[in-house]
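Visitor: Here's a sequence, model it:
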Amino acid sequence: MITDSQIKNEGFLVPLNDILSNGWIQDLFPKEDVDGMVSGLRNEAKGAGVVDQADTMMGYFMDKVRQNLKMILCFSPVGDNFRVKARKFPGLVASTSIDYFHAWP
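Guide: A predicted model of the protein is given here:
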């Protein structure tokens with residue numbers, strides 16, 4: 001759970017935007033770690049009918065991440081902060097389900 005008051009530098013929103021937009025952060029893991037994660041899913045992917053190729057296995061891995069990743073972002077609607085951040089990082093709005101805790105002002 002991340003609140004807008006915890007974001008001291010807008011650079012923190014870049015990986016969040018990437019996760020929300022496509023489920024992946026470039027260069028987060030070394031290639032060896034990615035290969036290990038994908039090979040761990042190889043039997044499950046074969047059972048699901050996925051072709052055993054690097055790109056299709058990576059796609060299967062990314063689909064699993066997207067299905068299982070849950071993230072809670074809490075932004076205050078007061079002021080211009082959220083509007084400005086939503087323009088700079090469109091994944092914050094376009095790739096989320098907005099649940100208003102209080103009525104939007």
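
Visitor: what is the mean pLDDT for stretch 56-65?
Guide: Taken as a whole, stretch 56-65 has a mean pLDDT of 85.

Visitor: Also stretch 91-105?
Guide: 73.

Visitor: Kindly list the main-chain dihedrals of residue 3?
Guide: Backbone torsions for residue 3, taken as degrees, to the nearest 10, come to phi -110, psi 160.

Visitor: Would you check that it makes contact with residue 74?
Guide: Yes - under the criterion of CB atoms under 8 Å, residue 3 is in contact with residue 74, at a separation of 4.4 Å. In short, each C-beta sits where N, CA and C put it, glycine included.

Visitor: what residues are shared contacts of those two?
Guide: Common contacts of residue 3 and residue 74, defined by CB atoms under 8 Å, 6 or more residues apart in numbering, are absent altogether.

Visitor: Next, the contact list for residue 50, please.
Guide: Neighbour list for residue 50: 56, 57, 59, 60 [criterion: CB under 8 Å, 6+ apart].

Visitor: which of those lies closest to residue 89?
Guide: Lowest distance from residue 89 to the contacts of residue 50 (CB to CB) belongs to residue 59, with 24.5 Å.
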